[in-house]
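Colleague: Show me how the following folds:
(2 chains)
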Amino acid sequence: MPPKQAAAKSNVSAEELLGHYREMLLIRRFEEKAGQLYGMGLIGGFCHLYIGQEAVVVGLEAAAGEGDKRVTSYRDHGHMLACGMDPKGIMAELTGREGGFSKGKGGSMHMFSKEKHFYGGHGIVGAQVPLGAGLAFSDKYRGNDRVTFAYFGDGAANQGQVYETYNMAQLWDLPVIFVIENNGYAMGTSVVRSTKSPSLWERGAAYGIKGEEVDGMNVLAVKEAGERAVAHCRSGKGPYILEVKTYRYRGHSMSDPAKYRTRDEVQKMRDERDPIEQVRDMLLTGKHATDDDLKAIDKEIKAIVNDAAEFSKESPEPHLDELWTDIYATEIPQEA
Amino acid sequence: MAIEILMPALSPTMEEGTLAKWLVKEGDKVSSGDILAEIETDKATMEFEAVDEGVIGKILIAEGTEGVKVNDVIALMLEDGETADEVAGQTRDAAPAPAPAPEHTPAPEPGPRATPAVAKPATPVADVSPDWPADVAMKPTTVREALRDAMAEEMRRDPDVFLMGEEVAEYQGAYKISQGLLDEFGAKRVIDTPITEHGFAGIATGAAFGGLKPIVEFMTFNFAMQAIDHIINSAAKTLYMSGGQMGAPMVFRGPNGAAARVGAQHSQDYTAWYMQIPGLKVVAPYSAADAKGLLKSAIRDPNPVIFLENEIMYGKSFDVPVMDDFTIPFGKAKIERAGTDVTIVSFSIGMTYALQAAEKLAADGISAEVINLRSIRPMDTETILNSVRKTNRCVTVEEGWPQGSVGSYISSVIMQQAFDYLDAPVINCTGKDVPMPYAANLEKHALLTVDEVVAACKQVTYR
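Modeller: Here you go, the predicted structure:
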């Protein structure tokens, strides 16, 4: 993977860098805490952590505008934090409590926020891709210039419905950015073991969709590519593909022993490419922040995450009445 | 205060495990993400990472220990300024139990958790009001025209309603249901799709999440099997999974069931498949009035509706009331023919067998009451039960297969709620339990016949 350096590095303000640092750190600390709560049995079922991939959503959210939509897979905690959903509501959904975004009825993989235009959290690999194109369809139908970010992984990139969607999205000029978060492994199967055409973004060419590969460990490179994609979609030119090369440090889910890769491979990525450390270096070497400044941010983030964890333990389990609610709507929910 | 490192649960089902190996020793400095130990669960050996920074103060569970319970303290980590001696006295007894989930209702629960304290909403009383006023003018209309009229009226009424599917626009509909709609509403709202059911069902569902009200036409419901993941996992379940924040106000419609001589892959009745899914509404009109009134209700309904038509019925003509805005509510069956000796329950094309059988039975002096379900989910079981309490006998009629049929569900409802009224076992008349054959004679035998319905009614009336 040839890491594409962010060209505009020198133009980045301290404020912006600190913002990225803070948001990525929030995701990392949140996910570590989620892993811990899972270990304590407070979170059940499946729990897919985003650790290592933080630069992807933080960079793209920095390129998104008001009213833009996003939809993703089951590895969704980072996306929700990055679009501004309350960490307390997310953690309480993980613990299956009343204070969760879905009142405890969705869990880690199925969370939504109409207010933040976050359309899930989908548990079926690849399903969010046509759903995302459909969200973009709704904006185009209404004649506004909003765009939708449809995130999926390298595993989902082999699902047939992705290509059905590419075809229609380009046919109808839908304003959707297909973000392939290529972390190298679909559960335990590496990209090279699942396809002989490992350049996933280039598959869009078959449908006439433009795209590019992005260094997903570099938040500035992601943001820059995101801005290109957004400009393309917003100007009515149809969809765009970003293949963001990233890496997850943890297993596929909490119960994955990750024997399909070496400990050295993970350690090397952490030591040399970590997205948070990269920004930390930029902040320190650029004299945008001192060690103490960053320690203060660490402390602040830790407090937010601890508050979220406390809330997620204290929030009551949903009332048993909730078993029978929200099966059928009685009126059509209004667009936020 | 030292940080307690607890034995982690590393799979959805793990309750205890083996602490296979420590990768750190007392006095080691660790930071978040460092691997502390290897732990064997029932399925795999997992690496266990540090969450906090600090120094390993004391290891409390030696490596090789089996049966370590989840949440037991396995080590203590020192924070800034602490020494190992200060924490040496602490043992695993100091481990607090994991925080129990606070109960919403503090009172002790009387039964197992699986039994909800709150019962599901009670079945409503049967709505026996007429579908239209007695003095309204009627107009002969085919089912095909009625469906088209319903869509056109709703598209005029609500600009968020659009139609999407294969050949719905320029071709005017594979079965000509959407005839004229492209001319009136334009290509923005009447959209031809490529042949790609999985993809366009997903796009339509996404558009519904975005607040539009799509009508998805499947050329036939046989092809909707390619799209069933979006119908069930995306459209039907999202309202629940989102705690009521967003759902899919949309209609999936098209011909369902056997046509004629098209073989096994194009001749299947999916009613029983979809009726099982909470979150979906399922309707299957028989007459043109049903088709119009129910489709208008379906388009207005804030939930995903499976609207099952029948190709053979498209050309049949029925009287439809001439009204500005004629709708039929869901969950309201219609007694198409009153009777006293046996209740026949059916829907869609099954009604043609049921009504013809009733006619034949009348000639033999048997008075059959024929109920047209129209809406399968919600199902108007009250109307069925009221009739069975009167006739004491029931025969169900459908083209679908016998195992797990609509009729078998109705039978179970009757058995549980009107057992004492039954004078005979309920009989389910269904299609034969075979894939649909092509040969004309075999196909005829695979389908339901009027004579079979007549025979079943005679059997339950002991004639």
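
Colleague: can you pull out the strands in the stretch 201-336 of chain A?
Modeller: For the stretch 201-336 of chain A, the strands defined by DSSP state E, counting those that start in this stretch cover A:210-215, A:240-245.

Colleague: Out of the ones you listed, which one sits most buried?
Modeller: Among those, ranked by average contacts under mean count of other CB atoms under 10 Å in any protein chain shown, first place goes to strand A:240-245 (a mean of 26). Bear in mind the C-beta positions are built from the backbone N, C-alpha and C, glycine included.

Colleague: What strands flank it, and is each parallel or antiparallel?
Modeller: The strands that strand A:240-245 pairs with in its sheet are strand A:176-182 (parallel), strand A:210-215 (parallel) (by DSSP bridges).

Colleague: As JSON lines, those with mean pLDDT would be great.
Modeller: Shown next, in JSON lines, are these (pLDDT from 0 to 100):
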{"stretch": "strand A:176-182", "mean pLDDT": "98"}
{"stretch": "strand A:210-215", "mean pLDDT": "98"}
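
Colleague: would you turn those into CSV with distance to A:Ser108?
Modeller: Listed next are the strands paired with strand A:240-245 as CSV, based on distance: least, CB to CB, whole Å:
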stretch, distance to A:Ser108
strand A:176-182, 17
strand A:210-215, 26
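
Colleague: Tell me the pLDDT of the closest residue to chain B within the stretch 51-200 of chain A.
Modeller: Using CB to the nearest CB, the single residue of the stretch 51-200 of chain A nearest to chain B is A:Gly134, 2.0 Å away. Looking at A:Gly134, its pLDDT is 98.

Colleague: in the helix or strand hosting it, what counts as buried?
Modeller: Per DSSP states H and E, A:Gly134 falls inside helix A:128-142. Counting neighbours by 16 or more other CB atoms under 10 Å in any protein chain shown, one finds that the buried residues in helix A:128-142 are A:128-141.

Colleague: Repeat that for stretch A:184-204.
Modeller: A:184-186, A:189, A:191, A:200-201, A:203-204.

Colleague: Can you flag which of these belong to helices?
Modeller: Judged by DSSP state H, the buried residues of stretch A:184-204 include A:Val191 as members of helices.

Colleague: Need the buried residues of stretch A:184-204 in a markdown table (columns: pLDDT and distance to B:Ile277).
Modeller: Listed next are those as a markdown table, based on pLDDT from 0 to 100; distance: CB to CB, whole Å:
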| residue | pLDDT | distance to B:Ile277 |
| --- | --- | --- |
| A:Gly184 | 94 | 37 |
| A:Tyr185 | 94 | 33 |
| A:Ala186 | 94 | 29 |
| A:Thr189 | 94 | 31 |
| A:Val191 | 94 | 35 |
| A:Leu200 | 97 | 34 |
| A:Trp201 | 97 | 36 |
| A:Arg203 | 97 | 33 |
| A:Gly204 | 98 | 34 |
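
Colleague: mind giving me TSV with the buried residues of stretch A:184-204 and columns for distance to A:Pro316?
Modeller: Listed next are these as TSV, based on distance: CB to CB, whole Å:
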residue	distance to A:Pro316
A:Gly184	40
A:Tyr185	38
A:Ala186	37
A:Thr189	41
A:Val191	43
A:Leu200	44
A:Trp201	46
A:Arg203	47
A:Gly204	47
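
Colleague: so the closest residue to A:Gly132 other than its chain neighbours, which of the three states?
Modeller: Using CB to CB, 6 or more residues apart in numbering or on different chains and skipping residues adjacent in sequence, the residue nearest A:Gly132 is A:Ala150, 2.6 Å away. Taken by DSSP: H, G, I helix; E, B strand; the rest coil, the conformation at A:Ala150 corresponds to strand.

Colleague: what's near enough to touch A:Ala150?
Modeller: A:Ala150 is in contact with A:70-72, A:128-129, A:131-133, A:135-136, A:176-179, counting by CB atoms under 8 Å, 6 or more residues apart in numbering or on different chains.

Colleague: Let's see that with 6 Å instead.
Modeller: Taking CB atoms under 6 Å, 6 or more residues apart in numbering or on different chains, we find A:Ala150 in contact with A:71, A:129, A:132, A:176, A:178.

Colleague: And the nearest residue to the residue of the stretch 51-200 of chain A closest to chain B once chain neighbours are set aside, how far from B:Ala152?
Modeller: Spatially, and ignoring its direct neighbours in sequence, A:Gly134 is nearest to B:Gly206 (2.0 Å; CB to CB, 6+ apart). Using CB to CB, to the nearest Å, B:Gly206 is found at 25 Å from B:Ala152.

Colleague: Comparing these two, which residue is more hemmed in?
Modeller: Remark: of B:Gly206 and B:Ala152, B:Gly206 carries more neighbours, 35 against 17, as counted by other CB atoms under 10 Å in any protein chain shown.

Colleague: and that one, that's in a helix?
Modeller: Yes: assigned with three-state DSSP, B:Gly206 falls within a helix.

Colleague: Mind pulling up the pLDDT for it?
Modeller: Reported pLDDT for B:Gly206: 98.

Colleague: Can you give me the separation between it and B:Ala224?
Modeller: From B:Gly206 to B:Ala224 the distance is 17 Å (CB to CB).

Colleague: what is the residue nearest to A:Gly132 paired to in the beta sheet?
Modeller: A:Val71, A:Phe178.

Colleague: What score does it have for pLDDT?
Modeller: In this model, A:Ala150 is scored at 98, pLDDT.

Colleague: Do I have it right that B:Ile366 meets B:Asp341?
Modeller: Yes: at 5.0 Å, B:Ile366 counts as touching B:Asp341 under the criterion of CB atoms under 6 Å.

Colleague: residues bridging contact with these two, i.e. touching both?
Modeller: B:Thr461.

Colleague: that older thread, nearest to B:Ala259, of the strands paired with strand A:240-245?
Modeller: Across those, B:Ala259 has its closest neighbour in strand A:176-182 (36.7 Å, CB to CB).

Colleague: Name the residues that touch that closest one?
Modeller: Under the contact criterion CB under 6 Å, 6+ apart, strand A:176-182 has outside partners A:56, A:132-133, A:136, A:148-151, A:153-154, A:157, A:169, A:200, A:229, A:233, A:239-246.

Colleague: The residue of the stretch 51-200 of chain A closest to chain B: what's it in contact with?
Modeller: Per CB under 6 Å, 6+ apart, neighbours of A:Gly134: B:203, B:205-207.

Colleague: which among the residues you listed gets closest to chain A?
Modeller: B:Gly206 (2.0 Å).

Colleague: If I look at residue 18, what pLDDT would I see?
Modeller: As the question left the chain open, I've gone with chain A. The model's pLDDT for A:Leu18 equals 97.

Colleague: my question was about chain B
Modeller: At B:Thr18, the model reports a pLDDT of 93.

Colleague: Just give me the residue closest to the centre of chain A.
Modeller: Centroid-nearest residue in chain A: A:His79, 3.6 Å away (criterion: CA atoms, centre = their mean).

Colleague: What helix or strand is that residue located in?
Modeller: helix A:77-82.
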